[in-house]
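> Coordinates for the following, if possible.
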Amino acid sequence: MPELITRVEGTVGVVVFSNPAKMNAMSIDMWNGLPKAVAELDANSAVRVIVFKGDGEKAFISGADISQFEKLRGTAGAQLEYNRAVDSAYSAPMRAQKPVIASIRGICIGGGLGLAAACDLRICAEDAVFRMPAARLGLGYSPSGVRRFMSVIGAANTLEIFATAKKFGAAEALRMGFVSRVVPVAGLEAAVAETCKLIGENAPLTVAAAKFAVQQALKDPEERDMKKAVQMVEACFASEDHKEGRKAFMEKRTPQFHGR
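So this is what the prediction gives:
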């Protein structure tokens with residue numbers, strides 16, 4: 001049964017995309033359930049970072065479940081509702097204050113590629129295979145979605161992967177800047193855990209302010225909320241964590257941050 005599995009492992013909130021029979025293809029229920037799953041982890045004070053991963057060893061996400069298209073995308077009205085669900089799911093990791101990491105091994109295609117692009121960081125195994133097949137299916141891809149890819153890999157690379165619908169591997173994804181790290185398959189979990197540990201040791205308010213500032217910088221000037229970005233920075237300086245950071249530095253010890 002297609003489902004989202006969520007769990008908390010220490011300071012890490014995990015969302016597992018589980019539909020092994022279809023290489024973790026996203027059903028409509030999975031699309032609809034993702035915003036709530038991410039919001040709950042984001043609201044959990046114990047969680048410092050969120051990780052997306054696929055169920056099993058073969059795929060991150062193989063795309064949307066095409067078997068549902070005829071029923072759920074067969075009319076203009078149905079298509080609109082389906083697109084809203086997908087867009088809301090794509091927005092979920094961007095709305096989260098906490099960093100969201102895509103841990104990618106195996107197949108990462110279509111909707112899976114789009115969801116990975118919406119994450120803050122992407123780390124992949126050497127066996128990762130990527131593709132944007134919209135042009136092979138006659139699908140229109142939203143301008144906001146195209147822009148999201150451009151913010152990650154630039155205009156030329158974005159047009160190339162959309163226009164050619166080609167498959168590309170981990171090395172090419174690293175060259176484009178789509179992923180920040182490529183690691184051996186056996187080392188993926190450790191690499192993601194290391195990144196999560198580093199983030200989890202840092203001041204949550206500072207991390208959230210940095211994520212928000214990056215997001216604003218990627219928007220058109222008239223869409224930016226720089227007032228909030230500045231307020232988040234000011235909140236860092238006024239926080240108990242800032243006092244703790246200064247004190248720990250002077251005492252030559254590891255700071256203990258609490259996000260306040």
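> Can you check the pLDDT for A76?
A76 is assigned 67 on the pLDDT scale.
> same deal with K71?
In this prediction, K71 has a pLDDT value of 60.
> likewise G140?
G140 is assigned a predicted lDDT (pLDDT) of 84.
> dump the residue contacts of the closest residue to it other than its chain neighbours.
Leaving aside its chain neighbours, G140 sits nearest to A134 (7.5 Å; criterion: C-beta to C-beta, 6 or more residues apart in numbering). No exception for glycine: its C-beta is placed from N, CA and C like everyone else's. Going by C-beta atoms under 8 Å, 6 or more residues apart in numbering, A134 touches 110, 140-141, 162, 165.
> for the protein, where's the lowest mean pLDDT among helices and strands?
Counting by mean pLDDT, DSSP states H and E, the chain has its least confident helix or strand at helix 69-72, which shows a mean of 58.
> Show me what secondary structure element comes after that helix.
helix 76-95 (DSSP states H and E).
> After that next one, heading C-terminal, what element do we hit next?
Following helix 76-95 in sequence, per DSSP H and E, is strand 100-104.
> got the angle between that next one and helix 76-95?
With axes from the mean of the first three to the mean of the last three C-alpha atoms, to 10 degrees defining the directions, strand 100-104 sits at 110 degrees from helix 76-95.
> Show me the strands paired with whichever helix or strand comes after strand 100-104, marking each as parallel or antiparallel.
For strand 100-104, the following helix or strand on the C-terminal side (DSSP H and E) is strand 107-109. According to DSSP bridges, strand 107-109 forms sheet pairs with strand 59-61 (parallel), strand 129-131 (parallel).
> Distance from the next helix or strand after the last one to the middle of the chain?
Spelled out, that is strand 129-131. Using DSSP H and E, the helix or strand that directly follows strand 129-131 along the chain is helix 134-137. Relative to its chain's centre, helix 134-137 lies at 23 Å (C-alpha atoms, centre = their mean, to the nearest Å).
> which residues in the stretch 101-250 of the chain form strands?
Ranges of strands within the stretch 101-250 of the chain are 107-109, 121-125, 129-131, 167-169, 181-183, based on DSSP state E, counting those that start in this stretch.
> okay, these in CSV with distance to S62, mean neighbour count and mean pLDDT next?
Shown next, in CSV, are the strands of the stretch 101-250 of the chain (distance: least, C-beta to C-beta, whole Å; neighbours: other C-beta atoms under 10 Å; pLDDT from 0 to 100):
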stretch, distance to S62, mean neighbour count, mean pLDDT
strand 107-109, 5, 26, 98
strand 121-125, 15, 24, 98
strand 129-131, 10, 21, 98
strand 167-169, 12, 16, 98
strand 181-183, 20, 18, 98
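> Q256 is nearest to which of these?
Closest approach to Q256 among those (C-beta to C-beta): strand 121-125, 24.3 Å.
> Show me what that closest one is packed up against.
Applying 3 or more C-beta pairs under 8 Å, 6 or more residues apart in numbering; DSSP states H and E, we find strand 121-125 packed against strand 100-104, helix 170-176, strand 181-183, helix 188-200.
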